[in-house]
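# Structure, please.
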Amino acid sequence: MADMYASLRSNVGNLGQILGDTIRTHLEQPFLDKIEQIRHLAKSSRQGNDAAREEMLKLLTALPDDELVPFAKAFNQFLNLANIAEQFHTISRNCDELVCVPDPVDQLLGRMLNGRVDEQKMWQCLETLDIDLVLTAHPTEISRRTLIQKYSAVVDCLAALENPQLTEREKKQHQLRLRQLIAQIWHTNEIRHERPTPVDEARWGLSTIEASLWQAIPDFLRQLNERVEERTGKQIPTDIAPIRFSSWMGGDRDGNPFVTAKVTQEVLDRNRHTAARLFLKDIVLLVNELSMEEANAELLAFTNNSREPYRDVLRDLRQKLRNTIDYLNARIEGHSPEVDRNQIIWDEADLKEPLNLLYNSLCESGMSLIANGLLLDMLRRLACFGIHMLRLDIRQDAQRHSDVIAELTRYLGLGDFNHWDEHEKQAFLLRELTGKRPLIPNNWQPSEDVAEVISTVRLIATQPAQALGSYVISMASQPSDVLAVLLLLKEAGCPHPMRVVPLFETLDDLNNASHCMAALFQIDWYRGYCKGSQEVMIGYSDSAKDAGVMAAAWAQYSAQEELVQVCKRADIKLTLFHGRGGTIGRGGGPAHKAILSQPPGSVDGRIRVTEQGEMIRFKFGLPKLAVQSLALYTSAVMEATLLPPPEPKPEWRAAMERIAAESVESYRAIVREEPDFVAYFRAATPEIELGKLPLGSRPAKRRVDGGIESLRAIPWIFAWSQNRLMLPAWLGAGEALQAAADRGELALLREMEQEWPFFETRISMLEMVYAKAEPNLAKYYETCLVPEELHHLGVALRERLAVGVKAVLALTEAESLMSHTPWNRESISLRNPYIDPLNFLQAELLARTRKNEAASANVELALMLTIAGVAAGMRNTG
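Presented below is the predicted three-dimensional model:
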């Protein structure tokens, strides 16, 4: 272990040294000395040296305006470089977020095939595995795309430098390249000048696939094949796709007025364009590789006994892909080109059938070795990404659909749909769904909002089914929410049955989810439509914001258990879609643990999970990192399916019910009932200033005039992570655990933590959050920014934090937080001397800008840089 950390520290030190040298060539030595002095003082301050802390604060508050930006930039970039060193450590030493581990798939196969699982069952599970990772552009990705590419190149240099065979000259070349990259990073502005559009966000998602996942998918499947073959002697099928990718970027219009039908159409075209471009690159390489003449009878007949049968087929595909790219370029530029479908790649079969023909011919002609190279990689990419690259989900708020129907019923003189009860709504919707005549009159002029919803469903009707994922209804609560969308799709003439997915996200809606779905399954027409399959989305962010993490987690668990039973009774295959964020407060945390802590029977070989914001980069930003993340997902879903966790004992459930009830009461007593809370939140965090940061395309609030309840979960979490109190990720939880211990239930809680994966994961996540929380820093923000009459609330919150820490340590019987996850503790301690000065400076700058509305451009930019730096240091911001 110590040796592992030595290499991490060495890389962090090397990158920091190069950054220092870079700064030294552009700024005066005294300034560099000051940066170094502040870093050392921050380290001493961490060890309880109050004099060092005072000295550091004196230096920070005395920074002149012209030094603010380079100071914030230096610490910000050091944290980014520390992240890079850690990412590299992860892939070079096989560590996941919590601990250094060997290949998880290999470990799992070893455990399963050791007599615990029948080999045939294992094969059946593997071949039908359906893991769908949904990339979303929640505005937590601080880093610009141009910088992300440079960070990736830094990792390549670190990898090259580990090669023991390097000559001195080669080492010098790689060190020079490192210095060049870090100089480029230093001279690039970290903060975007403009807020990204939804199309920019979608392009960012595509760049992750191109830079990493395009290579990682065939690499991972080759690795999986090797592991399975070693254990069973059999190979996995060529068209297996245990993991696929979908996206919300350009499809999620919930509360985002900038995502229109026109934007969605452009994103769909761009997705397809990227796939065609990347497949063309593969084909060009294959034309060079497949120069053989020998072929099976089928290929020879197909190519009229050509001398170069493989190349003939590939050249034809090459031309079709070029035509496809030209066609899509014209569409993206706003034209409506005519197209001969025989001359482009229109369906997946247009690519798949010729490639399979080549693959089978090579295998039958004794050239399997060649077939299983780049050609197999291409077939596996096609199985995973299709010709549309990402399946685009559409998401819209339930009320927007109701408003369309209500405006229509008012126009037709039928009354107001929004004022009808649920029974009347269902009766009307089912009458229209089973009727033959169209509902929408040709001469109807709907309002702008209604017209946009209708344009969206009409766009869906023109798209191939493979280009689209699910239609997600946020804030769903009743069967009529699902039927309303189905009616709109019918009216638009949608030729294929689209998955319509209710998203249950508040505490009440989660508690009611199974009743809603049971009522839906009792409708004969709907059972005919869903054809024995149903997807349901569980919202983590909003339920945690509504009820606190502990009560929300239990509501999510209970809702899933009940949904499994409802679907079992109705003989319907359930797929659960988990809307997890990057942070603990939004359901985040290591995916492997999260999947294994789901209720037994709820995974069953199928799962959808959102991957959000900067977590996409941390998990999938580099090919090797992506391979590791794909292996973790695959092993977790197989394990949860074939070796599910135990059913919770009745006494565990009863204890959890009490903890959930007490935690929600404790959480809401502050967030909803404390009259000073909103004022304290706005003063003690940079919530207002976050709105100025050009992070994502979506507004921070659902309603401009709303309070905390209308604030999106992301800025809510982001703001509290900036002042390091991390409040949403623990408020209510520790207090409820302490109350349980006070009732004499400590032995029961320890049993739950040791034997029940759900509870163990909750405690582990709490521990991580408590370790990241810094009450002293939060108190400094309060001193600088909060009116004195509100300080009582800060005192109360920090007391609650202390209660929670004490309760968790008593439960785990540990002397310090995260003693069982030293890798994570090391990661936090490496960053703290760089995050702390940014936090202290941020508080100072917030005070300056709030006192002086016309703050200088330097102060504004420095403030934005401190926000970006703290986000980089905390690693999961929203």
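# Where do the helices of the stretch 401-550 of the chain begin and end?
Taking DSSP state H, counting those that start in this stretch as the test, the helices found in the stretch 401-550 of the chain are 422-434, 448-462, 479-491, 507-521, 524-530, 541-547, 549-569.
# can you tell me how far residue 642 sits from residue 190?
45 Å (Cβ to Cβ, to the nearest Å). To be clear about C-beta, it is placed using only N, CA and C from the backbone, and glycine gets the same treatment.
# oh sorry, the question was meant for residue 772
Applying Cβ to Cβ to residue 772 and residue 190 gives a distance of 22 Å.
# Repeat that for residue 455.
According to Cβ to Cβ, residue 455 and residue 190 sit 37 Å apart.
# The two: who's more crowded?
residue 190 (22 against 17; other Cβ atoms under 10 Å).
# In three-state terms, label the residue located most distally from the centre of the chain for me.
Distance from the C-alpha centroid of the chain, by Cα atoms, centre = their mean, peaks at residue 305 (50.4 Å). Three-state assignment for residue 305 (DSSP: H, G, I helix; E, B strand; the rest coil): coil.
# ditto for residue 577
Of the three states, residue 577 takes strand under three-state DSSP.
# what pairs with it across the strands?
The partner list for residue 577 in beta bridges (DSSP bridges) reads residue 537, residue 608.
# Could you check how far the strand or helix carrying residue 71 is from the centre of its chain?
For residue 71, the host element (DSSP states H and E) is helix 65-93. Helix 65-93 has its C-alpha centroid displaced from the chain centroid by 22 Å (Cα atoms, centre = their mean, to the nearest Å).
# Then stretch 476-488?
Chain-centre distance of stretch 476-488: 27 Å, with Cα atoms, centre = their mean.
# for this structure, which spans come out with low pLDDT?
Applying pLDDT under 70 to the chain flags the ranges 1-4, 93-102, 138-144, 581-589, 693-714, 853-854, 876-878.
# which one of the helices of the stretch 401-550 of the chain is the most hemmed in?
Neighbour counts (mean count of other Cβ atoms under 10 Å) averaged over each of the helices of the stretch 401-550 of the chain peak at helix 541-547, with a mean of 27.
# List the contacts of residue 85.
Applying Cβ atoms under 8 Å, 6 or more residues apart in numbering to residue 85 gives the contacts 8, 11-12, 15, 158.
# now with 10 Å?
With Cβ atoms under 10 Å, 6 or more residues apart in numbering as the criterion, the residues that contact residue 85 are 7-16, 154-155, 158, 830.
# So which of those is the closest to residue 481?
Of all these, residue 155 has the smallest distance to residue 481: 45.1 Å, by Cβ to Cβ.
# Helix, strand or coil: sort out the closest one for me.
helix.
# Just confirm it contacts residue 87, I think it does.
Yes. Residue 155 lies in contact with residue 87 (Cβ atoms under 10 Å); the separation is 6.3 Å.
# Looking at these two, which one has more neighbours?
residue 87 (22 against 19).
# can you give me the helices in the stretch 51-200 of the chain?
Using DSSP H, counting those that start in this stretch, helices in the stretch 51-200 of the chain cover 65-93, 104-111, 119-128, 145-161, 168-186, 198-208.
# re earlier: could I get the contacts of residue 85 as CSV with distance to residue 481?
Shown next, in CSV, are those (distance: Cβ to Cβ, whole Å):
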residue, distance to residue 481
7, 53
8, 49
9, 53
10, 56
11, 51
12, 50
13, 55
14, 55
15, 51
16, 53
154, 47
155, 45
158, 50
830, 47
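# quick one: which of these sit in helices?
7-16, 154-155, 158, 830 (DSSP state H).
# Pick the one among the residues you listed closest to residue 297.
The closest of the ones in helices among the contacts of residue 85, once distances to residue 297 are taken by Cβ to Cβ, is residue 155, at 48.2 Å.
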